[in-house]
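Peer 1: starting from these lines, generate the structure:
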Amino acid sequence: MSLVRLNIKGISYSQTQNGAYALILSEVDGDRKLPIVIGAFEAQSIAIALEKEIKPPRPLTHDLFKNFSDRFDIVVKQVIIHKLVDGVFYSSLICERDKIEEIIDARTSDAIALALRFNAPIFTYKNILDKAGIYLKVNPKKDEADDNILLDEVMAEEIEARTEEGLQNKTLEELNKLLDKAVKNEDYEAAARIRDEISKRN
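Peer 2: Numbering: from 1, shown residues only. Model (predicted):
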(Lines give C-alpha, C1' and ligand atoms only; values in the text may rest on other atoms or scores of the structure.)
Protein backbone atom coordinates (compact mmCIF):
# COMPACT_ATOMS: atom_id res chain seq x y z
CA MET A 1 0.00 0.00 0.00
CA SER A 2 1.34 3.40 -0.95
CA LEU A 3 1.87 6.15 1.62
CA VAL A 4 0.53 9.68 1.13
CA ARG A 5 2.21 12.59 2.90
CA LEU A 6 0.00 15.01 4.83
CA ASN A 7 0.45 18.54 6.16
CA ILE A 8 -1.46 20.20 8.99
CA LYS A 9 -3.96 22.63 7.48
CA GLY A 10 -5.53 23.93 10.67
CA ILE A 11 -7.70 23.23 13.68
CA SER A 12 -11.45 23.80 13.60
CA TYR A 13 -13.79 24.01 16.60
CA SER A 14 -16.73 21.65 16.26
CA GLN A 15 -20.04 23.51 16.49
CA THR A 16 -22.08 20.40 17.22
CA GLN A 17 -19.88 18.29 19.51
CA ASN A 18 -19.16 20.16 22.74
CA GLY A 19 -15.46 20.50 23.54
CA ALA A 20 -14.35 18.71 20.38
CA TYR A 21 -11.99 20.07 17.76
CA ALA A 22 -11.24 18.89 14.25
CA LEU A 23 -7.66 18.64 13.13
CA ILE A 24 -7.56 19.19 9.37
CA LEU A 25 -4.77 17.38 7.54
CA SER A 26 -4.13 18.20 3.90
CA GLU A 27 -2.78 15.93 1.17
CA VAL A 28 0.62 17.32 0.03
CA ASP A 29 0.28 16.32 -3.62
CA GLY A 30 -3.50 16.67 -3.92
CA ASP A 31 -6.60 18.56 -2.84
CA ARG A 32 -8.15 16.19 -0.31
CA LYS A 33 -8.43 17.00 3.39
CA LEU A 34 -8.54 14.49 6.25
CA PRO A 35 -10.58 15.73 9.25
CA ILE A 36 -9.84 14.07 12.60
CA VAL A 37 -11.85 14.85 15.74
CA ILE A 38 -9.56 15.48 18.73
CA GLY A 39 -9.97 16.63 22.33
CA ALA A 40 -9.42 20.12 23.71
CA PHE A 41 -6.11 19.32 25.43
CA GLU A 42 -4.62 17.77 22.29
CA ALA A 43 -5.91 20.68 20.18
CA GLN A 44 -4.20 23.12 22.57
CA SER A 45 -0.94 21.15 22.44
CA ILE A 46 -0.96 21.04 18.62
CA ALA A 47 -1.87 24.75 18.40
CA ILE A 48 1.03 25.69 20.70
CA ALA A 49 3.44 23.62 18.60
CA LEU A 50 2.16 25.32 15.43
CA GLU A 51 2.61 28.79 16.95
CA LYS A 52 6.38 28.90 17.40
CA GLU A 53 6.22 32.16 19.38
CA ILE A 54 4.11 30.65 22.18
CA LYS A 55 6.22 29.07 24.91
CA PRO A 56 4.34 27.64 27.92
CA PRO A 57 6.00 28.48 31.27
CA ARG A 58 6.17 24.76 32.11
CA PRO A 59 6.46 21.82 29.67
CA LEU A 60 3.20 20.31 28.45
CA THR A 61 2.97 16.51 28.35
CA HIS A 62 4.13 16.37 24.71
CA ASP A 63 6.99 18.79 25.46
CA LEU A 64 8.02 16.54 28.35
CA PHE A 65 8.06 13.53 26.01
CA LYS A 66 10.24 15.51 23.57
CA ASN A 67 12.67 16.56 26.35
CA PHE A 68 12.80 12.99 27.64
CA SER A 69 13.47 11.64 24.13
CA ASP A 70 16.20 14.21 23.48
CA ARG A 71 17.93 13.28 26.73
CA PHE A 72 18.02 9.61 25.74
CA ASP A 73 18.74 10.17 22.03
CA ILE A 74 15.38 8.90 20.80
CA VAL A 75 14.11 10.43 17.57
CA VAL A 76 10.59 10.27 16.13
CA LYS A 77 11.32 9.85 12.42
CA GLN A 78 7.74 9.81 11.11
CA VAL A 79 4.11 9.28 12.00
CA ILE A 80 1.86 6.92 10.03
CA ILE A 81 -1.94 6.96 10.34
CA HIS A 82 -2.34 3.29 9.51
CA LYS A 83 -5.93 2.30 10.31
CA LEU A 84 -9.48 3.67 10.38
CA VAL A 85 -12.16 1.72 12.27
CA ASP A 86 -15.64 3.12 13.04
CA GLY A 87 -14.44 6.68 12.57
CA VAL A 88 -11.40 6.22 14.84
CA PHE A 89 -7.93 6.74 13.36
CA TYR A 90 -5.01 4.63 14.62
CA SER A 91 -1.41 5.79 14.34
CA SER A 92 2.17 4.64 14.85
CA LEU A 93 5.30 6.52 15.82
CA ILE A 94 8.35 5.34 13.91
CA CYS A 95 11.19 5.96 16.36
CA GLU A 96 14.93 5.43 16.22
CA ARG A 97 17.64 5.07 18.87
CA ASP A 98 21.20 3.88 18.24
CA LYS A 99 20.19 3.13 14.62
CA ILE A 100 17.53 0.69 15.85
CA GLU A 101 13.99 1.42 14.63
CA GLU A 102 10.96 0.83 16.83
CA ILE A 103 7.23 1.21 16.06
CA ILE A 104 5.09 2.53 18.90
CA ASP A 105 1.28 2.61 18.92
CA ALA A 106 -0.21 6.06 19.64
CA ARG A 107 -3.45 8.00 19.53
CA THR A 108 -3.44 10.06 16.34
CA SER A 109 -3.78 13.37 18.20
CA ASP A 110 -0.75 12.54 20.39
CA ALA A 111 1.24 11.28 17.41
CA ILE A 112 0.68 14.52 15.50
CA ALA A 113 1.49 16.69 18.54
CA LEU A 114 4.81 14.82 18.75
CA ALA A 115 5.44 14.92 14.99
CA LEU A 116 5.32 18.72 15.18
CA ARG A 117 7.85 18.80 18.01
CA PHE A 118 10.24 16.46 16.19
CA ASN A 119 9.66 18.04 12.76
CA ALA A 120 8.67 14.55 11.62
CA PRO A 121 6.60 13.97 8.47
CA ILE A 122 3.03 12.65 8.74
CA PHE A 123 1.76 9.95 6.39
CA THR A 124 -1.36 7.88 5.82
CA TYR A 125 -2.16 5.07 3.43
CA LYS A 126 -3.89 5.86 0.16
CA ASN A 127 -6.86 3.59 0.97
CA ILE A 128 -7.53 5.55 4.21
CA LEU A 129 -7.47 8.84 2.32
CA ASP A 130 -9.74 7.35 -0.36
CA LYS A 131 -12.20 6.33 2.38
CA ALA A 132 -12.10 9.37 4.68
CA GLY A 133 -10.67 12.22 2.60
CA ILE A 134 -12.94 15.09 1.59
CA TYR A 135 -12.73 17.97 -0.86
CA LEU A 136 -13.26 21.43 0.61
CA LYS A 137 -15.11 23.95 -1.53
CA VAL A 138 -12.86 26.98 -1.20
CA ASN A 139 -13.72 30.32 -2.81
CA PRO A 140 -10.66 31.19 -4.95
CA LYS A 141 -11.44 34.92 -4.61
CA LYS A 142 -11.03 34.77 -0.84
CA ASP A 143 -7.75 35.44 0.92
CA GLU A 144 -5.45 32.49 1.72
CA ALA A 145 -5.88 33.23 5.45
CA ASP A 146 -9.63 32.60 5.17
CA ASP A 147 -8.89 29.17 3.73
CA ASN A 148 -6.73 28.31 6.75
CA ILE A 149 -9.37 29.11 9.38
CA LEU A 150 -11.85 26.34 8.44
CA LEU A 151 -14.28 27.26 11.22
CA ASP A 152 -17.53 27.17 9.28
CA GLU A 153 -20.50 25.11 10.45
CA VAL A 154 -20.68 23.15 7.20
CA MET A 155 -17.23 21.76 7.88
CA ALA A 156 -18.13 20.88 11.46
CA GLU A 157 -21.28 19.05 10.32
CA GLU A 158 -19.33 17.08 7.71
CA ILE A 159 -16.80 16.02 10.35
CA GLU A 160 -19.55 14.98 12.76
CA ALA A 161 -21.34 12.95 10.09
CA ARG A 162 -18.12 11.12 9.28
CA THR A 163 -17.24 10.23 12.86
CA GLU A 164 -20.76 9.19 13.91
CA GLU A 165 -21.66 7.38 10.70
CA GLY A 166 -20.22 4.00 11.72
CA LEU A 167 -21.69 4.15 15.24
CA GLN A 168 -25.27 4.77 14.11
CA ASN A 169 -25.38 1.35 12.45
CA LYS A 170 -24.36 -0.51 15.63
CA THR A 171 -26.71 -2.17 18.12
CA LEU A 172 -26.62 -1.10 21.80
CA GLU A 173 -24.82 -4.33 22.66
CA GLU A 174 -22.17 -3.65 20.01
CA LEU A 175 -21.80 -0.06 21.23
CA ASN A 176 -21.25 -1.21 24.83
CA LYS A 177 -18.58 -3.67 23.68
CA LEU A 178 -16.91 -0.92 21.65
CA LEU A 179 -17.04 1.39 24.68
CA ASP A 180 -15.36 -1.22 26.90
CA LYS A 181 -12.69 -1.76 24.25
CA ALA A 182 -12.08 1.99 23.78
CA VAL A 183 -11.68 2.54 27.54
CA LYS A 184 -9.38 -0.48 27.82
CA ASN A 185 -7.24 0.90 24.97
CA GLU A 186 -7.30 4.37 26.61
CA ASP A 187 -8.88 5.76 23.43
CA TYR A 188 -10.94 8.36 25.26
CA GLU A 189 -11.86 10.29 22.11
CA ALA A 190 -13.61 7.22 20.73
CA ALA A 191 -15.12 6.41 24.14
CA ALA A 192 -16.71 9.87 24.34
CA ARG A 193 -18.28 9.50 20.89
CA ILE A 194 -19.59 6.01 21.71
CA ARG A 195 -21.04 7.25 25.02
CA ASP A 196 -22.80 10.08 23.18
CA GLU A 197 -24.37 7.59 20.76
CA ILE A 198 -25.49 5.34 23.65
CA SER A 199 -27.00 8.35 25.49
CA LYS A 200 -29.03 9.30 22.40
CA ARG A 201 -30.76 5.93 22.49
CA ASN A 202 -31.54 5.82 26.21
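Peer 1: from residue 7, how far out is residue 47?
Peer 2: Distance, residue 47 to residue 7, by CB to CB, to the nearest Å: 15 Å. Heads up, the C-betas are built off the backbone N, CA and C, glycines and all.
Peer 1: which of these two has more neighbours?
Peer 2: Set side by side, residue 47 and residue 7 show more neighbours around residue 47, with 16 against 11, by other CB atoms under 10 Å.
Peer 1: what comes into contact with the helix or strand containing that one?
Peer 2: Residue 47 is part of helix 40-50 when elements are defined by DSSP states H and E. Contact with helix 40-50 is made by 8, 11, 19-21, 23, 38, 54, 56, 60-62, 107, 109-110, 112-113, 116-117, as judged by CB atoms under 8 Å, 6 or more residues apart in numbering.
Peer 1: and the buried ones among the residues you listed, selectable in PyMOL?
Peer 2: Buried residues among the contacts of helix 40-50 (16 or more other CB atoms under 10 Å), as a PyMOL selection:
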select buried, resi 8+11+20+21+23+38+60+62+107+109+110+112+113+116+117
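Peer 1: and the chain, what are its domain boundaries?
Peer 2: 3-160, 170-201 (automatic domain parsing).
Peer 1: buried set for the last one?
Peer 2: Residues of domain 170-201 classed as buried: 170, 175, 178-179, 182, 187, 189-194, 197-198 (neighbour count, 16+ other CB under 10 Å).
Peer 1: which single one of those residues is nearest to residue 122?
Peer 2: residue 189 (17.5 Å; CB to CB).
Peer 1: so what pLDDT did residue 178 get?
Peer 2: In this prediction, residue 178 carries a pLDDT score of 82.
Peer 1: for residue 22, see how far away it is.
Peer 2: 21 Å.
Peer 1: any idea which helix or strand in this protein has the lowest mean pLDDT?
Peer 2: helix 144-149 (a mean of 43; mean pLDDT, DSSP states H and E).
Peer 1: about what we covered before: average pLDDT for the helix holding residue 47, rounded please.
Peer 2: 89.
Peer 1: with stretch 6-21 instead?
Peer 2: 75.
Peer 1: kindly report the same for stretch 183-197.
Peer 2: For stretch 183-197, the per-residue pLDDT averages 75.
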